[in-house]
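> this one's sequence-less:
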């Protein structure tokens, strides 16, 4: 049986709650398993990938850098909802990492085609 | 100095989180203090006062009954945002207790005129 | 109905959010329908259910005790994420010694383990359900 | 600027939500501007900051320790609601004995008290600020 | 087999249901639970959008959450079926997977 | 003296800002903090509504939250002033009270 495809559905911003950060920790651990990982960023989840985050004045650890390490784990796909990015006045070159911009239908298909979806 | 007016701003539904319930406990304790209490229900907060809540199948304690005890504590005013009630397909006679239905302007005035606003 | 293996993830703290109640009721139903529960994994504030120091009011449910009873009756594997638990102060005797603390509070019936246990459950389960 | 008395309420759990960080930074600023902090009251999951068993990662902030240090330096009154704390398993030695538990976890510098302390703070403060 | 989407938040407070409806493909099912059940009320402002989606999706609501919130069966949008927790389990089995909208 | 309203939630995820704008009376001030700062971005979908409200309200955004989210000052709606935590304290003192929208 080919490896299972697992989609991590990230829909929350990076700092208002800990979800983004602790979800990333699951992805990093998951990478060591034989899984086809799809990282999906939708709604406020797209904000997690925005460049230039500086959490020093807030006094909180900056975990955005960890996204750069992601490439090393070779997730099968890193996708961002185009519609959510544009609604927030953002574009692909505002992001920390190379991503696939998907329209709603393509995103729905990716999620639907994944064996498991983990929501954070 | 006349007693302080304190507005309790309730904007969350009754069971999804504990806010409604633990906010009510503050109101009940507050009643023993010399305060002019205004209970304000807005947005999903209006759902807290809906009649017929039965939490048995959920296995959670039903605290809506405590609202009936409220009258005993004689809050100065118990107000509900008319607009929020109507948006949810509700009317005054769906509610557990007698309330004042206020339009947005009147509600804004009440909140603005309170010495302190406690948000839950 | 074929017998299925379920994995369950609880991401929100008990009482503050309804997720823990929903997950408990759902898990009971899975067992009642004759399916198997591979593992219930508590992450984020979900770990807070696993303290033996909680004293809920008499007239209200005790979520920690309810999970313990269900686990005892059905041999459930209730796993608490070690990283999330450490950050929030849910420790067992080992963690207590390792971090030089003067007390521990893990409730019996829960075990502290790494995120690998979550990933494994997502791989082995036929159905994986998230509450949060 | 006249010197004002501030009351602060923290309604969300540490780390899970940013509210505890915001309240801490705000409280520091109130003191830096020369005002007085009457009381910081922790309610709902906000009580979870008051455990001495938390072991945050080295490279990240320790909110419990930060509040303790600020309280020591400025004589702050950090109050944890007894009802919310009991339900969630934050106990001091008295609560431990009263409820027959075998451990307690309240961090030094925090005190457990009733909701009257919250109501009193709303009455006495010139400005009352809520984080949650 | 299609996906079972679970919606856990009130449509009046959060955009969760809207996001779910954008991603739920024709033939899939939606279970409204916890505060999500408020979307099932026929007289509510969010009913039209859900009715429209029901042309391509099946929609269910969890009985325990409806009862806790004082929502009677006759207040629901026509066509929304109610299930108990065991019904929720059966729905999970009948679909390829469960996808939570939190 | 008018009220200082604080908005702590993202306008894309929750209706918190919308509720605040309905209740904030002319002459009062709004401080966007935590995820609330996302409303301050000029190119965002929620900018028009906030711009309109700025005809009758002063709007501020908390610097630490803007920095943490990678939002540069030049991305903000014209007329939104940024403050640090001490500025937040001063705003609280200058207004009759603080009202939180959570």
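Yep, it's here. For clarity, every value in this text was computed on a predicted model and none was experimentally measured.

> now residue A:77: how far from chain C?
17 Å (CB to the nearest CB, to the nearest Å). Where C-beta positions appear, they are placed from N, C-alpha and C, glycine not excepted.

> that residue reaches residue A:8, doesn't it?
No - if you go by CB atoms under 8 Å, residue A:77 and residue A:8 don't touch, sitting 10.8 Å apart.

> helices of chain E, residue ranges please.
E:16-23, E:47-53, E:63-68, E:85-94 (DSSP state H).

> need the winner for burial among those helices.
helix E:63-68 (a mean of 24; mean count of other CB atoms under 10 Å in any protein chain shown).

> who's in contact with it?
Residues outside helix E:63-68 that contact it (CB atoms under 8 Å, 6 or more residues apart in numbering or on different chains): B:14-15, B:53-58, B:60, C:25, E:32-37, E:40, E:72-73, E:76, E:82-85.

> helix or strand right after the longest helix along chain A?
Longest helix in chain A by number of residues (criterion: DSSP H): helix A:19-30. The helix or strand immediately downstream of helix A:19-30 is strand A:35-41, counting by DSSP states H and E.

> can you list the helices of chain E in CSV and add distance to residue C:89?
Below are the helices of chain E laid out as CSV (distance: least, CB to CB, whole Å):
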stretch, distance to residue C:89
helix E:16-23, 30
helix E:47-53, 42
helix E:63-68, 31
helix E:85-94, 31
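
> right, and chain C sits closest to which residue of chain A?
Using CB to the nearest CB, the closest approach of chain A to chain C is made by residue A:29 at 4.1 Å.

> among the contacts of helix E:63-68, which are in strands?
E:32, E:82, E:83 (DSSP state E).

> tell me the most packed of those residues, by neighbour count.
Top of the ones in strands among the contacts of helix E:63-68 by neighbour number is residue E:32, holding 29 neighbours under the definition other CB atoms under 10 Å in any protein chain shown.

> bridged to that residue, which residues?
residue E:7, residue E:61 (DSSP bridges).

> my read: it touches residue E:54, true?
No - using CB under 8 Å, residue E:32 is not in contact with residue E:54, being 11.8 Å away.

> who does the lengthiest helix in chain C touch, helix- and strand-wise?
Assignment by DSSP H gives helix C:19-32 as the longest helix of chain C. If you count contacts as 3 or more CB pairs under 8 Å, 6 or more residues apart in numbering or on different chains; DSSP states H and E, helix C:19-32 packs onto strand C:5-10, strand C:36-42, helix C:63-74, strand C:127-131, helix E:85-94.

> just checking: what are the partner strands of the fourth one?
What it means is strand C:127-131. Sheet partners by DSSP bridges: for strand C:127-131, these are strand C:5-10 (parallel).

> contacts for the partner strand, please.
With CB under 8 Å, 6+ apart as the criterion, strand C:5-10 contacts A:118, C:19-20, C:23, C:26-27, C:30, C:35-43, C:46, C:49, C:118, C:121-122, C:124-132, E:92.

> burial check on residue 39, number of neighbours?
Because you didn't say which chain, this covers chain A. Neighbour tally, residue A:39, other CB under 10 Å: 26.

> try again with chain C
Residue C:39: 22 neighbours (other CB under 10 Å).

> quick one: name the residues of chain A near chain D.
For chain A, the residues found near chain D under the criterion CB under 8 Å from any CB of the partner chain are A:15, A:16, A:17, A:18, A:58, A:59, A:60, A:61.

> just the buried ones from these, in PyMOL syntax?
Typed into PyMOL, the line below selects the buried ones among these, using 16 or more other CB atoms under 10 Å in any protein chain shown:
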select buried, chain A and resi 15+16+17+18+58+59+60
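
> state the pLDDT value of the spatially most central residue of chain E.
By CA atoms, centre = their mean, chain E has its centre lying nearest to residue E:32, at 2.9 Å. Looking at residue E:32, its pLDDT is 98.

> now do residue A:1
pLDDT at residue A:1 comes out at 53.

> repeat that for the one 3 residues further on.
Residue A:4 carries a pLDDT value of 90.

> the one 3 residues further on now?
Per-residue confidence for residue A:7 comes out at a pLDDT of 96.

> tell me the spacing between the closest residue to it other than its chain neighbours and residue C:35.
Nearest residue to residue A:7, sequence neighbours excluded (CB to CB, 6 or more residues apart in numbering or on different chains): residue A:114, at 3.8 Å. According to CB to CB, to the nearest Å, residue A:114 and residue C:35 sit 22 Å apart.
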